[in-house]
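**Student:** Quick one, fold the following:
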Amino acid sequence: MEPPLDIPLARPAAWPLFGPALRIGLTGRLLWAVVGSGCLVVLTLAAWLPPDPRGFGTHEALSGAWPCGFILTTGLPCPTCGMTTAFSLLMHGRPLAAVVAQPAGAFLCLATVCTLVLSIHVTATGRVPNVNWNRIGPVRLSLGLALLFLGGWGFKLAHGLLTGALPTK
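**Tutor:** Model prediction:
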């Protein structure tokens with residue numbers, strides 16, 4: 001049995017990544033305001049924290065935060081070592097130092113800034129970008145994030161070993 005001709009079997013590959021903006025209601029605007037508030041809190045905290053000159057350990061300035069157990073045990077950084085430091089360095093206007101501290105953290109900080117700007121726009125206008133998530137796909141998105149984290153960790157390890165900063169044990 002053949003499917004009816006008026007039902008497409010798959011979206012064509014030529015569909016654009018972004019479509020026309022979608023209007024959202026009050027609930028959606030409030031949700032975007034909450035997202036923006038969360039981004040603002042994270043970025044404000046990063047701007048308030050003094051970056052650790054070691055390239056990791058900035059989170060220890062928060063009351064009650066412990067040093068990274070992975071680095072204490074192995075002498076090598078964990079996959080997220082330097083994330084808080086990268087956020088702090090970027091918020092202090094030192095982008096190159098942020099990338100050296102943790103490239104994935106620097107990228108995520110920029111993504112947080114972009115999300116804050118987007119949330120302000122969506123909250124004010126009630127229009128949200130229409131992203132073709134089918135074209136991006138969950139596999140590509142997951143692999144991209146995994147490569148970002150693994151690439152950042154690999155850079156952190158290589159840089160630390162080449163400069164003699166690692167192992168820290």
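
**Student:** And the strands in the chain, which stretches?
**Tutor:** Along the chain, counting by DSSP state E, strands occupy 18-23, 127-131.

**Student:** Turn these into TSV, columns for mean pLDDT.
**Tutor:** Converted to TSV, those look like this (pLDDT from 0 to 100):
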stretch	mean pLDDT
strand 18-23	89
strand 127-131	92
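
**Student:** Just list the residues touching the residue nearest the centre of the chain, thanks.
**Tutor:** For the chain, the residue sitting closest to the mean C-alpha position, by C-alpha atoms, centre = their mean, is L108 at 2.6 Å. Neighbouring residues of L108 by C-beta atoms under 8 Å, 6 or more residues apart in numbering: M83, A86, F87. All C-beta spots, glycine's among them, are computed from the backbone N, C-alpha and C.

**Student:** Would you point out the helix or strand in this protein whose mean pLDDT is lowest?
**Tutor:** Using mean pLDDT, DSSP states H and E, the weakest-scoring helix or strand in the chain turns out to be helix 133-136, at a mean of 83.

**Student:** Which other helices and strands does it contact?
**Tutor:** Under the contact definition 3 or more C-beta pairs under 8 Å, 6 or more residues apart in numbering; DSSP states H and E, helix 133-136 sits against no other helix or strand.

**Student:** Of the contacts of L108, which is the nearest to W32?
**Tutor:** Nearest to W32, judged by C-beta to C-beta, of the contacts of L108 is F87 at 21.7 Å.

**Student:** so where's the chain shaky on pLDDT?
**Tutor:** 1-15, 169 (pLDDT under 70).

**Student:** and stretch 134-150, which residues are buried?
**Tutor:** L148, F149 (16 or more other C-beta atoms under 10 Å).

**Student:** and that stretch, how far from the chain's centre?
**Tutor:** 12 Å (C-alpha atoms, centre = their mean, to the nearest Å).

**Student:** okay, now the spatially closest residue to L166 that is not a sequence neighbour: neighbour count?
**Tutor:** Excluding the flanking residues, the one nearest L166 by C-beta to C-beta, 6 or more residues apart in numbering is G160, at 3.4 Å. G160 is flanked by 21 other residues according to other C-beta atoms under 10 Å.

**Student:** For G28, grab the count of nearby residues.
**Tutor:** Neighbours of G28 under the rule other C-beta under 10 Å: 15.

**Student:** residue contacts, H121?
**Tutor:** So H121 contacts R127 (C-beta under 8 Å, 6+ apart).
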